[in-house]
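**Student:** The amino acid sequence is not available; the structure is as follows:
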Ligand code: SF4
Ligand code: SF4
């Protein structure tokens, strides 16, 4: 999933100076699962905003709404009838949803209510960790299904740096060394000898480095 | 063995002498006089001088400019190059810049993560990793081509080195990782500083078992300890460093004002033991902000005078 | 034995403090409550293992948010006691009452009701439910 974190309300408040109505807009997908921008978080932020506006003596209509997805025109269109009631939208979707909402409603000010962090997985309730950076050319087959791009602090392709210590990365004891993981996996698979195969220089043109990316599937395209 | 480059370091190693290298860190400003003085002080006691590249991610004068200065002084620099700060375009461009001043040695490194440095909020690059940089330099030199494939006019003539840490984890790939670096093109290896000689010997056994010492020159790294505090710091705080408890105890066992001398003594004893380890081709003495003691260390370890080569 | 706790205290029963959501707490303040005391079972005595521990974390989180938005973090507090320990409850209620009195009225004001649904509703989310029914 895409993992996000709620923005502190202090960061959001200055954007809402002078607005008379604001829609707090959540998303039912990833941000719900990572507890940053689902219906519950919409309720919390809306409630806090109301309390702030009340203390400021402002009459601000704070609406709450959570869409199935903000990254899909079909669901965004559900707002068409109600969006005019609002001066601004605080979207708690990931950066994709925030932008897509703004694209769909070009005359509305849309502000981010979360910091979108990474593509990751839930290690346990309340703990999420990065697993993929969408580099566009997956090499997990070579690395025992442990990603050196996303999980090695130096995205090294050919083995650990000299700082790997007791399974931890040199950047800190709370970070796993990806290369320790890769070696453990290769060993478990009986493929440790594969480690000595040099992974060639990476083609980063499929990554962010190549410019904004697009995937087109002609066979399913309407 | 015939030298493939005009590097003096390469010639000395290929002639079968135990080589001695040392290193200097460039200043945190544009006054290069101090670095020049440090290098001058060790001129007659070392074969080549590494110049670090923004080590520990603290921003300093660039390694390339400092290497050029040493070269102009008639010294033999080893250009250290980390892949943290530059992409493949900048790396190759700097290699050509160094080659234009006839800098003949390069050490390819990944570099410490910027989290440790003075610009922890910076972006990092890591377009290539250190092994891919090794391959790149070898390709530029041996095939006369850029990574992109285009030919290079007057390719760089560089003796190519890499670092190895016999003490880091995961343990089972310490030797395979060296093999991989050598396969990628490393011709000489400078190791992490050695305090645990037994463990280094075990690693060297693995290196010899695979004949790797015949494929690349292994320079054993040492760093004299200045104080018991430094020993403890290295033991506990520096990732991938192995300082045995008895070394810390020995440093702590002498009065503060004599700890520096004890550190030098340990360093010399270590060098003497390392000289006996088969497959060791030389030494890399990293005397951090203590370069003035290098000549004495070299002499007392029986490594002076340095050989002359054509 | 009849022990009196301050009259202004209104008791809302919940099956377990683990049921008390951050949103419930915020709604109370939004509607003008001056303080909310969450009374949980003693640590280790939770019928659902960890309900009271989770409640404590939420209370901490809500307190921090209330502090940051100017309402005051001291207006929400959690205590743990055994349900049979009336004197302890009364003491906690009195102490908290004192603390809330000292903090003064909730700056959000009492007159406010929860925000109605947007003026021109397409298909708005239902208005916030009654938080917890006694
Ligand atoms: S290699 Fe690329 S695509 Fe595959 S997991 Fe890593 S970042 Fe994602
Ligand atoms: S310690 Fe491991 S994860 Fe961290 S930078 Fe080095 S190789 Fe990568």
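**Tutor:** Perfect, thanks for sending it. The structure displayed is predicted, hence computed values, not measured ones. Ligands and ions are numbered 1, 2, ... in the order given.

**Student:** The residue of chain C found nearest chain B: what's it in contact with?
**Tutor:** Nearest residue of chain C to chain B (Cβ to the nearest Cβ) works out as residue C:68 at 24.5 Å. Quick note: C-beta positions are derived from backbone N, CA and C, even for glycine. Contacts for residue C:68 were tallied using Cβ atoms under 8 Å, 6 or more residues apart in numbering or on different chains; they are A:8, A:9, A:10.

**Student:** What separation do you get for the nearest residue to the last one once chain neighbours are set aside and residue A:12?
**Tutor:** Nearest residue to residue A:10, sequence neighbours excluded (Cβ to Cβ, 6 or more residues apart in numbering or on different chains): residue C:68, at 6.5 Å. Summarising the geometry, the distance separating residue C:68 from residue A:12, computed by Cβ to Cβ, to the nearest Å, is 12 Å.

**Student:** in stretch B:297-307, what counts as buried?
**Tutor:** For stretch B:297-307, the neighbour count (16 or more other Cβ atoms under 10 Å in any protein chain shown) marks B:297, B:298, B:300, B:301, B:303, B:306 as buried.

**Student:** cool, and stretch B:267-287?
**Tutor:** So, applying 16+ other Cβ under 10 Å, buried residues of stretch B:267-287: B:267-268, B:270-271, B:273-274, B:277, B:279-287.

**Student:** now swap in stretch A:102-120 and tell me
**Tutor:** In terms of neighbour count (16+ other Cβ under 10 Å), stretch A:102-120 has its buried residues at A:102, A:104-105, A:108, A:110-114, A:116-120.

**Student:** Give me the contacts around the helix or strand containing residue B:219.
**Tutor:** Secondary structure from DSSP states H and E places residue B:219 in strand B:217-222. Outside of strand B:217-222, the residues that reach it under the criterion Cβ under 8 Å, 6+ apart are B:13, B:19, B:21, B:164, B:187-194, B:200, B:204, B:207, B:212, B:267, B:270-271, B:274, B:277, B:279-286.

**Student:** cutoff 7 Å now
**Tutor:** Residues outside strand B:217-222 that contact it (Cβ atoms under 7 Å, 6 or more residues apart in numbering or on different chains) are B:13, B:19, B:21, B:187-194, B:200, B:207, B:267, B:270-271, B:274, B:279-286.

**Student:** how long is stretch C:69-80 from one end to the other?
**Tutor:** Terminal residues of stretch C:69-80 are spaced 27 Å apart (Cα to Cα, to the nearest Å).

**Student:** That one and chain A, are they touching?
**Tutor:** Yes - residues of stretch C:69-80 contacting chain A under Cβ under 7 Å from any Cβ of the partner chain: C:69, C:70, C:71.

**Student:** neighbour-wise, which of those leads?
**Tutor:** Per-residue neighbour counts (other Cβ atoms under 10 Å in any protein chain shown) across the residues of stretch C:69-80 next to chain A peak at residue C:71, which has 26 neighbours.

**Student:** what pLDDT does it get?
**Tutor:** Model confidence at residue C:71, given as pLDDT, is 97.

**Student:** right, and it touches residue C:107 too?
**Tutor:** Yes - contact between residue C:71 and residue C:107 holds when scored by Cβ atoms under 7 Å: they sit 6.2 Å apart.

**Student:** quick one: common contacting residues for these two?
**Tutor:** Common neighbours of residue C:71 and residue C:107, using Cβ under 7 Å, 6+ apart, do not exist here.

**Student:** which helices and strands sit right next to the helix ranked longest in chain B?
**Tutor:** Within chain B, and with DSSP state H defining each element, the longest helix by residue count is helix B:256-275. Counting contacts by 3 or more Cβ pairs under 7 Å, 6 or more residues apart in numbering or on different chains; DSSP states H and E, helix B:256-275 is packed against helix B:197-209, strand B:217-222, helix B:245-252, strand B:280-285, helix B:294-300.

**Student:** got the angle for it vs helix B:245-252?
**Tutor:** Note on geometry: by axes from the mean of the first three to the mean of the last three Cα atoms, to 10 degrees, helix B:256-275 and helix B:245-252 are set 140 degrees apart in direction.

**Student:** centre of the chain versus helix B:256-275, how much separation?
**Tutor:** Per Cα atoms, centre = their mean, to the nearest Å, the displacement of helix B:256-275 from the mean C-alpha position of its chain is 20 Å.

**Student:** How about residues contacting that helix?
**Tutor:** The contact list for helix B:256-275 (Cβ under 7 Å, 6+ apart) reads B:18, B:194, B:197, B:220, B:222, B:224-228, B:247, B:250-251, B:254, B:280, B:283, B:293, B:297, B:300-301.
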